[in-house]
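A.B. asks: Sequence and predicted structure, then a few things I'm wondering about:
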Amino acid sequence: MAGFKNQRLAEDIKREISGVMREQIKDPRVSDGLSSVVKVDLSGDNSHCKVYISHIDGIERAKEVVKGLESAAWMIRSACADKLHLKKCPEFKFIADDSIERSADLLQKINALVPPENNEEE
C-alpha cells in the first residue's frame, strides 16, 4: 500500500513541477515551453526527489534548464507544499535527460525504414 501512495505522490509532484515551470517561473532558461518533466523518482521516506528534465533541443539545452530550475528550487518546493498540502516537501535534485531527443531520432529512423503509402496504386 505504501508503494501506491508513494507513486501517486510522485505523479502529483511531476504535475505540479510542470505547472510551475509553465506558469510561474520567468527565467528564460526554463520558460521557453520546450522542456518537459520526464520522470520523478521519490525516495521511500519522501525526503528526496530526483526530477528528470528533457528538452527537445537536446542534452546541452536540458542542462541549462536544470540550472534554471536549481535557482528556482525554493519556489518549486513552496508551490508543491502548498498545492499538495505536504507537511514536509522533498528536496529536489534536477537531472538533465535526453529522452525527448532520442525518441525524435528513433521516430525519424522508423519513418526512414517504412516506405510511404502510395494511394495511387489502389
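C.D. replies: Happy to help now that I have it.
A.B. asks: And for the helix or strand residue 8 falls within, what's in contact with it?
C.D. replies: Under DSSP states H and E, the secondary-structure element containing residue 8 is helix 2-23. Contacting residues not belonging to helix 2-23 are listed as 30-31, 33, 35-37, 39-42, 44, 46, 49, 51, 69, 75-76, 79-80, 83-84, 90, 92 [Cβ atoms under 8 Å, 6 or more residues apart in numbering]. C-beta here means a position set from N, CA and C on the backbone, and glycine is covered the same way.
A.B. asks: Likewise for stretch 38-51?
C.D. replies: 2, 6-7, 9-11, 13-14, 17, 37, 52-54, 69, 88, 90-95, 97, 99-100.
A.B. asks: and the most centrally placed residue in the chain, what does it touch?
C.D. replies: In the chain, the C-alpha closest to the average C-alpha coordinate belongs to residue 37, at a distance of 0.6 Å (Cα atoms, centre = their mean). Residue 37 makes contact with 14, 17, 18, 21, 51, 52, 53, according to Cβ under 8 Å, 6+ apart.
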